[in-house]
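*Asks:* need a 3D model of the following:
(2 chains)
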Amino acid sequence: MRRRTLLAATTASGALAATRANAFVTQGKRRTLVFSGGQPVPVLDPHVKYDYSTRMMQQSLYDALLKYVGNPPRIIPWLARSWDVSKDGLTYTFHLVENAKFHNGDPLDAEAVRFSFERGLKLDKGVAWMLKAHLDPSQIKAVDAHTVSMTLKQPFPGFLSFVPWWFIVNPKQVMAEAKNGDDGQAFLTAHEAGSGPFRINRWDPQAAMVLDAVPDYWRGWEEGAANRPAGVIFQVIREPAPRREALLHGSVDMITDMSPDDYDALAKMPGIRVTDDAGMTPFTVMFNCAWGPTADVNLRRAIAFAMDYEALIAIENGHARLLDSPFPPALEGHIAVPGMPRKNLARAKQFLARTKYAKGGLTLDYLYVAGLEVERQVGLTILASLKPLGIKVNVQGVPWPTVMARGAKAEGGPAMIGVYVTPVSTDPDVVASQYAASAAGSYWGMHHLADPTLDRMIAAARVELDHAKRMAMYAEIQKRIVALQPAIFGMLENRRWAMKSDVEGFVFSPVRLTGEVDFYPMWIKA
Amino acid sequence: MIRFLARRLAFLLLSLAGLVVLTFVISHVAPADPATLAAGPDATAGMIAAIRHQYGLDRPLPVQFLLYVEALARLDLGHSVATGHAVAADLAVYLPATLELVLLAMGFAVVAGVALGIFAAIRRGGIADHAARILAVSGIAVPAFWIALILQLLFSVHWRLLPIGGQLPVAVAPPRPLTGMVILDALLRGRPAVATTALVHALLPAFVLALPCLASILRITRQEMIEVLAAHYVRTARAQGVAPLRVVTRLALRNAMVPILAMIGLRFGFMLGTTVLVETVFDWPGLGLYAVTSATSADFAPVMGATLAIGVLFMLATLAVDVLYALADPRLRVS
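*Replies:* Numbers count the residues shown, from 1 in each chain, chains lettered A, B, ... in the order given. Next up, the predicted model:
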């Protein structure tokens, strides 16, 4: 009896010790990089869905013709070793590498590229919006085994900037698993058919995704075969506090989705490194430009000049910079717009005097996503900033779906909504078009701005082939947007990750979504 | 007994119908558009409209309800707009994880609650009784999410004795599913080390889940036992020299068991509801976490599916208690 008790106690304490241990994950002599964030990965299909956690996995499992790297972001050849553009700017011809292969050994050829772009456009989900206005599936041709041509409906110089997010799937594998005409959607939700540096070992959409490195990855391993990690694990830990503890315990190598205070505290911990780079995700407070008091541009200008901008930087503990344009600096064509509103109560009162609310006496709603502390504090800053104008602010934290629903319609919609916007490409059209009337009602278009002049300017710049001329057009567009003041152009948060000091190869690129990391060049120092 | 059962089953079906109507209405009056959320922030109006059409969200609400009920009759719980997964398939994955946690918690709550209740009744007025009563009150009064965070802080952060969350360490591959319950599957697959690790991971969430239930069972056991122990037949048995342990277990407890059983059934239902909080705090990949994740993206079908699953389990537990109750007390069958 005593022996049995001893055995039970030993087993239990062994289990506890295993749980407590700071044991990193290994496979043989190789380490596995464990990354943790709060957002699960419910769908893997690269043509159906993307967000930061999903695309991080897709980028690991698949390859695209081109790839974004570095800061400022550059587009480099990937599956396409080179490309040509016709003089009329309509036809793009990609010349593929010849050694690329899918995980099942099938060669990655021009037909796979054609199939993947056609599938993305046909499904009309996820990435489709990027190219559907410019590219017809019938105009994608596999010229030979290693050459693909795409002919656009009209010139679109921003075309290449979206291509890195169009991942190539194995047509044979996908179509073999297609059911009921779903083009393999059910299969690719939970499986992969890619050629990327990692392949799936295990996937639990609520908890973790375990990827194994592909030892003979067609592109090789930049860090050298000896340093190549055994794999990557994306662990979902929803609450920030346990995530931080997991990093401190050593069970996780790198984390994201933390508050500025958490990052600052972690930066002081031994053995922990916190990155701090200028991001590409502007935080703006969108006005309702089509309904209610903020339909008056003078009131919008008054609010913009009353805003305490320095408080925004303080909210981020200094890890942010003020926006000097609707475009983030990493976007092509960005200029510092002259006369960008900064706190100036005298000017604010001048603008207010031009409205029917010269003496204030109105209450405006500010909506933010409940639980986002920065957005809440911005609301309090607006509340304090508008007090001298006699404007009261009703700061309301509501669930994300409610923000979307209430912002979708101008009529009856809130006067102000706090919004983070991450452009998916470096082409200026991606941000400019968010201020076009056609964007009204979408997440980006909760301002409901409708300015025909601006719309014309955006449409013209989109198709302009002369680069210098095009950039000059975008400079004017930025000025026009600021003059219309569809938002308080707030700040640009720094992108931050906390990682153990033995994590190597991390390369920041602001064009990735907040929290998104490229695992390919990363490894853990032995 | 058959009439009794038939009546109970009819009531269960009526309750189920009410639950279906209620969950549908609550889900659909929420000011949120699941298609917009599923399409993503960059989606065009056309893409959003296509998703809305694909899932029938563009139809009038009464039509959507009728289609939902019709599908439900075929045990088709619909598809998640956010993921495209069949809700029934998702439930098959997540429900066992929740059941595993609930069964562990319930087992602990029943054993500890009944034992402590008996002990408190026997030592009525003593220190043990007072301690038990404090536990009974605080177990019900303290919110589960608060106690969960405090225990995480103590056991996982400060003392580093127990894992902070999850079902297994991320590097440990779970056993191939047989029942879907990781501990049980690990044992059935001959992986006792994995079963032990999974059990260690379940300790904190199961304890938090068990606490209100344990408190209720303790309180009612103590109360019933005090009443029964003071009854004439117990006094007579003692006077006749029946052993004290036998008096407590065979005579008193047996007679006190009917209301305790009712409480266990009731608490089983509450426990299923509490999993929503506990699973979220502990990142336990069960039905509660699934419901929360779906609710944050206004994904109606999974939310309704999870609610229905919890509701049906609650009703079945109540039915089982009613039957046991009736078996134990024939007067109920007559009334």
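
*Asks:* give me the residue ranges of the stretch 1-150 of chain A where confidence is low.
*Replies:* Counting by pLDDT under 70, the stretch 1-150 of chain A contains low-confidence ranges at A:1-26.

*Asks:* quick one, strands of it?
*Replies:* In the stretch 1-150 of chain A, the segments counted as strands under DSSP state E, counting those that start in this stretch are A:26-27, A:30-37, A:66-69, A:74-77, A:80-85, A:91-96, A:135-144, A:147-152.

*Asks:* can you tell me which of those strands is most buried?
*Replies:* Mean neighbour counts were compared across the strands of the stretch 1-150 of chain A using mean count of other C-beta atoms under 10 Å in any protein chain shown; the top stretch is strand A:30-37, at a mean of 23. From N, CA and C alone the C-beta is placed, and that goes for glycine too.

*Asks:* what about that one and chain B, touching?
*Replies:* Yes. Strand A:30-37 is in contact with chain B by C-beta under 8 Å from any C-beta of the partner chain, via A:32, A:34.

*Asks:* which other helices and strands contact that strand?
*Replies:* In this structure, strand A:30-37 packs against helix A:52-61, strand A:231-236, helix A:240-249, strand A:254-255, strand A:523-524, with contacts taken as 3 or more C-beta pairs under 8 Å, 6 or more residues apart in numbering or on different chains; DSSP states H and E.

*Asks:* what about the nearest residue to A:Leu131 once chain neighbours are set aside, how many residues close to it?
*Replies:* Leaving out its chain neighbours, the residue that sits closest to A:Leu131 by C-beta to C-beta, 6 or more residues apart in numbering or on different chains is A:Phe162, at 6.0 Å. Using other C-beta atoms under 10 Å in any protein chain shown, A:Phe162 has 23 neighbouring residues.

*Asks:* what are the buried residues along the host helix or strand of A:Glu375?
*Replies:* With elements taken from DSSP states H and E, the one containing A:Glu375 is helix A:373-386. Neighbour counts using 16 or more other C-beta atoms under 10 Å in any protein chain shown place A:374-379, A:381-383, A:385-386 of helix A:373-386 among the buried residues.

*Asks:* next structured bit after that helix?
*Replies:* Per DSSP H and E, the first helix or strand lying C-terminal to helix A:373-386 is strand A:391-398.

*Asks:* neighbouring strands - and their directions - for that next one?
*Replies:* strand A:362-369 (parallel) (DSSP bridges).

*Asks:* quick check: mean pLDDT of the strand it pairs with?
*Replies:* Along strand A:362-369, the predicted confidence averages to a pLDDT of 96.

*Asks:* off-centre distance for it?
*Replies:* Per C-alpha atoms, centre = their mean, to the nearest Å, the displacement of strand A:362-369 from the mean C-alpha position of its chain is 26 Å.

*Asks:* now do stretch A:120-133
*Replies:* On C-alpha atoms, centre = their mean, the centre of stretch A:120-133 falls 17 Å from that of its chain.

*Asks:* got the CA coordinates for it in CSV?
*Replies:* The C-alpha trace of stretch A:120-133 is given here as CSV (Å, rounded to 0.1, in the frame of the first residue of the first chain):
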residue,chain,number,x,y,z
GLY,A,120,-8.7,33.2,-55.7
LEU,A,121,-10.7,35.4,-58.1
LYS,A,122,-13.5,32.8,-58.6
LEU,A,123,-14.0,32.2,-54.9
ASP,A,124,-14.4,35.9,-54.4
LYS,A,125,-13.3,35.8,-50.8
GLY,A,126,-10.3,36.8,-48.8
VAL,A,127,-7.7,38.2,-51.2
ALA,A,128,-10.0,38.5,-54.2
TRP,A,129,-10.8,42.2,-53.6
MET,A,130,-7.1,43.1,-54.3
LEU,A,131,-7.2,42.1,-58.0
LYS,A,132,-10.8,41.4,-59.0
ALA,A,133,-11.4,44.9,-60.4
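
*Asks:* hmm, back to that, want to try CSV for the helices and strands packed on strand A:30-37, with distance to chain B and mean neighbour count as columns?
*Replies:* Converted to CSV, the helices and strands packed on strand A:30-37 look like this (distance: least, C-beta to the nearest C-beta, whole Å; neighbours: other C-beta atoms under 10 Å in any protein chain shown):
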stretch, distance to chain B, mean neighbour count
helix A:52-61, 10, 24
strand A:231-236, 5, 25
helix A:240-249, 4, 21
strand A:254-255, 13, 26
strand A:523-524, 14, 24
